[in-house]
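Undergrad: predicted structure and sequence below. I'll ask about it afterward.
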Amino acid sequence: MSQNDFFSDEPQPIGAGDASPAAQAANLRATLHQLAHSYYVLDAPTVPDAEYDRLFQQLQALEDADPSLRTPDSPTQRVLGQVLDGFAPVRHAVPMLSIRTETDTEATGAEAFDARVRRELALPEDAPAVAYAAELKFDGLAINLRYEHGVLVQAATRGDGETGEDVTQNIRTVGQIPLKLQGQGDALPAVLEVRGEVYMRRDDFERLNEQQRERGDKTFVNPRNAAAGAVRQLDPAIAAQRPLSFFAYGLGEVQGWDIPPTHSGLLDTLAALGLPVCAERTVAQGASGPQGLVAFHQAMGAKRDQLPFDIDGVVYKVNNRALQEQLGFVTREPRWAVAHKYPAQEQLTQVDGIDIQVGRTGKLTPVARLKPVFVGGVTVTNATLHNLFELRRKGVRVGDTAIVRRAGDVIPEVVGVMRPDPLAARSPYVPNFRMPRHCPICGSTVVREREEVNHRCTGGLFCAAQRKQALLHFAQRRAVEVEGLGDKLVDQLVDGGLVRTLPDLYKLGLMKLAALDRMADKSAQNILAALEKSKQTTLPRFLFGLGIRHVGEATAKDLAKHFGGIDRIMDAPEDQLLAVRDVGPVVAKSIRTFFDQAHNREVVEQLRAAGITWAEHEPSAAADAAALPLSGKTLVLTGTLPTLSRDEAKDLIEAQGGKVAGSVSKKTSYVVAGAEAGSKLEKAQSLGLPIVDEAGLLALLASFAEAPPSTEV
């Protein structure tokens, strides 16, 4: 299953809720309060934002139709949230209010806002156009930063809009937030409260969740949840470990400072003070003002997936601050601003089944088959569940209503399940999902290594799901090296059924290769020549090329040096493998598991039968290693050698007991310099280190007993 299998092109309709009478208005208020508590206070949302917005809009519609239903505690009348126990409360000098939201995706959102502003300002039809600032609506945690004479003295969350939480110590760990503003003396305001959003970049979020999965810890639902969880906890050390970022976008209390007359000018000034301000913003003015907002909304919508952080819309603001003051506020919202949202990145849908996807490295991933749902701009039919432990933690079973998230180009994932009553039992009973004992692709044994959360197929070279990756790994420069065998050619060979296992590479003929797309006779002959050349290799390269899990280049060299031959490695029990330098229980078990699969041993035999050869020797003793010419010596390679490639020179050095380092230091024994050697050669000369050319290197390899070679190149 490829990433394309997670998407289809046609959007699917999302059902709207029914209108409710007065009794259900009370139920809507209670439900929204409960959902807001989970989102704002616990930082653990239980439904997608789109579902919350849908319920909120239902309540708004009811109250607009019958104002008597509007109560003082209605979510439409105040900012939701409360101060957590353990945080000191902070009373906002200027309330932190939310803004009105438009959820349509067409031009009417911007045009309706412009018409509303002009109506509130009582502007005649022939009045000049209103200028608007347009910026991104970040999906993070709103923060108020209080600077006194340029120094950060306090940071507080939004809370309920009137009172927030003192999170100063946690905010101090966010590297993007300056502890002191740029500027000196009278240029800095006596008090400047900067409002903005703490957020987490998508790549940082993915790395954080991957680390959580590897440790078997709870993963975060989305970047906003992760950022809020980092800021709103009592240990600043935890916040310091989380990769948080910040954008400034507004003001709170200000004393002793002349505020710029426009919002766009304010953002420029905040940036000049050293505060991070998002560059994705514009000013729409003149006769085409509303159309400028539409263009910005469309441009950012098209760019949304490429942004390094999540947004859920754009924000339009009257640019002139004097007009902002004239427009004022209505209950919980400024009349001079509106958020124009994009399609939701989270939605609810039903889990119809759970399948297994086998990746190119053999990892088995449970994948939820979904009732099609339109989320993040595409129709999603499958979503990853990551691994068995993540699936169990989220409690996902067939028939559940799942929260599905799709952000950017990331494969959709199930972030949780939703039930009307958490204590209600499923009916009928659905058993827990279990991972298969054998690979669904090749039938090989499925294993999970100690202290690892992922299950893997042991099929390796035999498994069709891993075939392309196995071929590319085998043919790479540091392994057996088949020059010209790249991704596109491997795709053609595997998809066309010409190559099923590694030995099939050496059965290819000129006619079959030349018949492939973009492959003329000369190109085909070059590939055949490269295959023939690859037959002369070394045992470490061959071992590394087999793609045994946990066996990298260094381990392959240690195995080859210790055992001397492939048969001894294939037959070695775990206790003998553990005697190899740097081979621990996990690596030893991985090697043993690989060669215990009969088809993997058969691949090795077929490759040898195809003509792949290497030098073997009797098992090395520790005393023998000390007698090697370059034992204990560290060499550095720089420049281009006349006949040896960098890899060939490295192999020769390591075969004779030497170590190849990447940088020059006083501990370097020799620097091997070729044509166009650069800074490494200059540093070696300044340190007075021995410098040899290719001929000098070969002399070292032949006999170290002779007098040390000249230090001249």
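TA: Done, it's in. Residues are numbered from 1 along each chain as shown.
Undergrad: does residue 218 touch residue 211 like I think?
TA: No: judged on Cβ atoms under 8 Å, residue 218 makes no contact with residue 211 at a distance of 11.8 Å. Every residue, glycine included, has its C-beta placed from N, CA and C.
Undergrad: please go through this structure and pick out the longest helix.
TA: helix 49-65 (DSSP state H).
Undergrad: mean confidence score for it?
TA: Average pLDDT, helix 49-65: 85.
Undergrad: which is the next helix or strand following that helix?
TA: Heading C-terminal from helix 49-65, the first helix or strand you meet, by DSSP states H and E, is strand 89-91.
Undergrad: elements contacting that following strand?
TA: strand 163-165 (3 or more Cβ pairs under 8 Å, 6 or more residues apart in numbering; DSSP states H and E).
Undergrad: which other helices and strands contact the helix or strand harbouring residue 380?
TA: Assessed by DSSP H and E, residue 380 sits inside strand 378-384. Strand 378-384 sits against strand 7-8, strand 346-358, strand 363-375, strand 401-405, strand 413-418, with contacts defined as 3+ Cβ pairs under 8 Å, 6+ apart.
Undergrad: didn't residue 403 look like it was pressed against residue 396?
TA: No: if you go by Cβ under 8 Å, residue 403 and residue 396 don't touch, sitting 10.2 Å apart.
Undergrad: what do the two both touch?
TA: Both residue 403 and residue 396 are contacted by 414, 417, under the criterion Cβ atoms under 8 Å, 6 or more residues apart in numbering.
Undergrad: looking at those two, which has the bigger crowd around it?
TA: Ranked by neighbour count (other Cβ atoms under 10 Å), residue 403 and residue 396 place residue 403 first, with 25 against 21.
Undergrad: may I have the beta-bridge partners of that one?
TA: Note on residue 403: beta-bridge partners by DSSP bridges are residue 348, residue 416.
Undergrad: what's the distance between it and residue 50?
TA: 10 Å (Cβ to Cβ, to the nearest Å).
Undergrad: overlap of the contact sets of these two?
TA: With Cβ under 8 Å, 6+ apart, residue 403 and residue 50 have common neighbours 346, 347.
Undergrad: that older thread, show me what counts as buried in the longest helix of the chain.
TA: The neighbour-count check on helix 49-65 (16 or more other Cβ atoms under 10 Å) flags 49, 50, 51, 52, 54, 55, 56, 58, 59, 60, 62, 63 as buried.
Undergrad: same thing with stretch 87-105?
TA: 87, 90, 92, 95, 96, 97, 98, 99, 101, 102, 103, 105.
Undergrad: so who does residue 434 touch?
TA: Residue 434 neighbours (Cβ under 8 Å, 6+ apart): residue 388.
Undergrad: mind checking pLDDT for it?
TA: pLDDT, residue 434: 90.
Undergrad: does it belong to a helix, a strand or coil?
TA: coil (DSSP: H, G, I helix; E, B strand; the rest coil).
Undergrad: repeat that for residue 173.
TA: With three-state DSSP as the criterion, residue 173 reads coil.
Undergrad: could you measure from it over to residue 231?
TA: 9 Å.
Undergrad: intersection of neighbour lists for the two?
TA: 239, 244.
Undergrad: more neighbours, the two?
TA: Legend: neighbour count by other Cβ under 10 Å for residue 173 and residue 231, higher for residue 231 (23 against 17).
Undergrad: need the contact list for the more buried one.
TA: Residue 231 neighbours (Cβ under 8 Å, 6+ apart): 141, 143, 157, 167, 170, 171, 198, 239, 244.
Undergrad: how many neighbours does the second one have?
TA: To tie it back to what came earlier, the one meant is residue 143. 24.
Undergrad: and it, which of the three is it?
TA: Applying three-state DSSP: residue 143 is strand.
Undergrad: which residues are in contact with residue 267?
TA: With contacts defined as Cβ under 8 Å, 6+ apart, the neighbours of residue 267 are 133, 135, 248, 249, 277, 281.
Undergrad: show me what contacts residue 523?
TA: 484, 513, 514 are the contacts of residue 523 under Cβ under 8 Å, 6+ apart.
Undergrad: please apply the same query to residue 224.
TA: 139, 140, 141, 199, 200, 310.
Undergrad: can you rerun that using 6 Å?
TA: By Cβ atoms under 6 Å, 6 or more residues apart in numbering, the residues touching residue 224 are 139, 140.
Undergrad: using the three-state scheme, assign it.
TA: Quick answer, by three-state DSSP: residue 224 is helix.
Undergrad: quick one: it from residue 59, how far?
TA: 23 Å.
Undergrad: do you know how far the nearest residue to residue 93 once chain neighbours are set aside is from residue 147?
TA: Take residue 93 and drop its neighbours on the chain: the residue closest to it by Cβ to Cβ, 6 or more residues apart in numbering is residue 253, 3.9 Å away. To residue 147, residue 253 is 10 Å away according to Cβ to Cβ.
Undergrad: tell me which of the two has more neighbours.
TA: Legend: neighbour count by other Cβ under 10 Å for residue 253 and residue 147, higher for residue 147 (22 against 13).
Undergrad: for the more buried one, what is the enclosing helix or strand?
TA: Per DSSP H and E: strand 141-148 holds residue 147.
Undergrad: strand partners of that strand, parallel vs antiparallel please.
TA: Here strand 141-148 is paired, per DSSP bridges, with strand 151-157 (antiparallel), strand 191-199 (antiparallel).
Undergrad: list the helices and strands the helix or strand following the last one packs on?
TA: Stepping forward along the backbone from strand 191-199, the first helix or strand reached (DSSP H and E) is helix 202-215. Contacts of helix 202-215 with other secondary structure elements, assessed using 3 or more Cβ pairs under 6 Å, 6 or more residues apart in numbering; DSSP states H and E, are absent: no helix or strand is involved.
Undergrad: pLDDT check: weakest of the contacts of residue 231?
TA: residue 239 (76).
Undergrad: what is the burial count for that one?
TA: By other Cβ under 10 Å, the residues close to residue 239 number 23.
Undergrad: and what about it, helix, strand or coil?
TA: From three-state DSSP, the assignment for residue 239 is helix.
Undergrad: need the contact list for it.
TA: 170, 173, 230.
Undergrad: could you say which helix or strand contains the residue nearest to it when sequence neighbours are not counted?
TA: Closest residue to residue 239 apart from its sequence neighbours, by Cβ to Cβ, 6+ apart: residue 170 at 4.0 Å. Using DSSP H and E, residue 170 falls within helix 168-171.
Undergrad: and that helix, what does it pack onto?
TA: Helix 168-171 packs on strand 151-157, helix 236-241, going by 3+ Cβ pairs under 6 Å, 6+ apart.
Undergrad: send the alpha carbons of the shortest one over as CSV?
TA: These are the backbone C-alpha positions of helix 236-241, laid out as CSV (Å, rounded to 0.1, in the frame of the first residue of the first chain):
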residue,chain,number,x,y,z
PRO,A,236,10.1,23.9,33.1
ALA,A,237,12.7,21.2,32.3
ILE,A,238,10.0,19.4,30.3
ALA,A,239,9.2,22.5,28.4
ALA,A,240,12.9,23.0,27.6
GLN,A,241,13.0,19.5,26.0
